[in-house]
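**Q** let me see the structure of the following:
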Amino acid sequence: MLSLTTITFLSLLYVHQQTEIVRFAYITQKKAVFFQELLDKNNLLRYNIEKNTSLTRIGDKIYDNSDYSMPNSYQLVRLYSPRSTHVLASQAVGKENIFARLLGTVREAQAKTIKP
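**A** Numbers count the residues shown, from 1 in each chain. Okay, the predicted model is just below:
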């Protein structure tokens, strides 16, 4: 009777051990799937960031929002900026040194086309 009880106890212990192994395998597999989904989301976000910050996309947005045109030969080019920039520039001029304001000259840039 004692040996039968011992064998039954050891068998139950073995079955319990095997069920715990299977349970931990399911938990590990569920965590691996969750981490893989996180990696996929991370890769997607990195791709979107790289796509939205590419130089061609930024250049297209700047080109669409500006009124820039190529000048003819020896033609002056003036770019107009929004009013907020003018306000900031006028505030910066007020903080300049008085000697710089008296001796400084306002210059306009001239664009010349290069003929190949």
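**Q** hey, let's count contacts and neighbours off CA atoms from now on
**A** Will do.
**Q** residue ranges in the protein under the pLDDT threshold?
**A** Across the chain, the ranges flagged by pLDDT under 70 are 59, 62-111, 113, 115-116.
**Q** tell me where it has helices.
**A** Using DSSP state H, the helices of the chain run over 2-52, 55-65, 83-94, 98-103.
**Q** quick one: which of the ones you listed is nearest residue 112?
**A** helix 55-65 (20.7 Å; Cα to Cα).
**Q** got the helices of the chain as CSV, with distance to residue 112 and mean neighbour count columns?
**A** Listed next are the helices of the chain as CSV, based on distance: least, Cα to Cα, whole Å; neighbours: other Cα atoms under 10 Å:
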stretch, distance to residue 112, mean neighbour count
helix 2-52, 34, 12
helix 55-65, 21, 11
helix 83-94, 26, 10
helix 98-103, 28, 10
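**Q** looking at those helices, which is closest to residue 114?
**A** Judging the helices of the chain by Cα to Cα, what sits closest to residue 114 is helix 55-65, at 21.7 Å.
**Q** got CSV for the helices of the chain, with distance to residue 114 too?
**A** What follows is these, written out as CSV (distance: least, Cα to Cα, whole Å):
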stretch, distance to residue 114
helix 2-52, 33
helix 55-65, 22
helix 83-94, 31
helix 98-103, 33
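**Q** how much space separates residue 1 from residue 20?
**A** Separation of residue 1 from residue 20 (Cα to Cα, to the nearest Å): 29 Å.
**Q** ditto for residue 33
**A** 20 Å.
**Q** ok, now residue 14?
**A** Taking Cα to Cα, one finds residue 14 at 10 Å from residue 20.
**Q** cool, and residue 45?
**A** Applying Cα to Cα to residue 45 and residue 20 gives a distance of 37 Å.
**Q** show residues contacting stretch 12-21.
**A** For stretch 12-21, there are no external contacting residues (Cα atoms under 8 Å, 6 or more residues apart in numbering).
**Q** that's all I had, so thanks and see you.
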